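Student: Any chance you could fold what I've pasted below:
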Amino acid sequence: MSADKTKNWLERVDYDLQTADAMLNTGRYIYAVFMCQQAIEKAMKAFINNTGDEVLPIHNLRRLAENSGLITELNEEQLIKLDYLSQYYINARYKEDIAELSRGITKEFSADIIIFAKEMIKWVIQKMK
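Tutor: Next up is the predicted model:
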């Protein structure tokens, strides 16, 4: 375990959440959702690093929850949202058609995802203490 690595992960989490808020405020909802995926991913990686386990280069949030051992404490609704965000990461990474990706991603939906991400991250950080 490296306390510095954990700290670095958490600083990036905070930056990504601020970016998600900024993207929501500028109407770039697709990127608000993507930044939430990034923030949760990094929070889980901080948790894994904090336990002394190896942080694998994966982006699937369910797999990260499994690797961290946190999955046993997540409910079905949380897992569905994590799965959604994991799929979104892949699509955003490969630069699919923005109009197609944006379908159904409203301001309200993005705001809900940001709230979910902030709650999830707060919970993960509390589990580290």
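
Student: ok, S110 touching V33?
Tutor: Yes - counting by C-beta atoms under 8 Å, S110 does reach V33; the two are 5.7 Å apart. Any C-beta I mention is one placed from the backbone N, CA and C, and that applies to glycine too.

Student: out of the two, which sits in the busier spot?
Tutor: V33 (27 against 22; other C-beta atoms under 10 Å).

Student: Tell me the first helix or strand C-terminal of the lowest-mean-pLDDT helix or strand in the chain.
Tutor: Every helix and strand in the chain was compared by mean pLDDT, DSSP states H and E; the lowest is helix 98-102, with a mean of 72. Sequence order places helix 107-128 as the next helix or strand after helix 98-102, per DSSP states H and E.

Student: which parts of that following helix are buried?
Tutor: 110, 113-114, 116-118, 120-121, 124 (16 or more other C-beta atoms under 10 Å).

Student: just how off-centre is the least confident helix or strand of the chain within its chain?
Tutor: The chain centre lies 20 Å from the centre of helix 98-102; the measure is C-alpha atoms, centre = their mean, to the nearest Å.

Student: what's the answer for stretch 2-21, then?
Tutor: 11 Å.

Student: And the contacts of that stretch?
Tutor: The set of residues external to stretch 2-21 that reach it, using C-beta atoms under 8 Å, 6 or more residues apart in numbering, is 31-33, 35-36, 38-39, 42-43, 45-46, 49-50, 55, 114, 117-118, 121, 125, 128.
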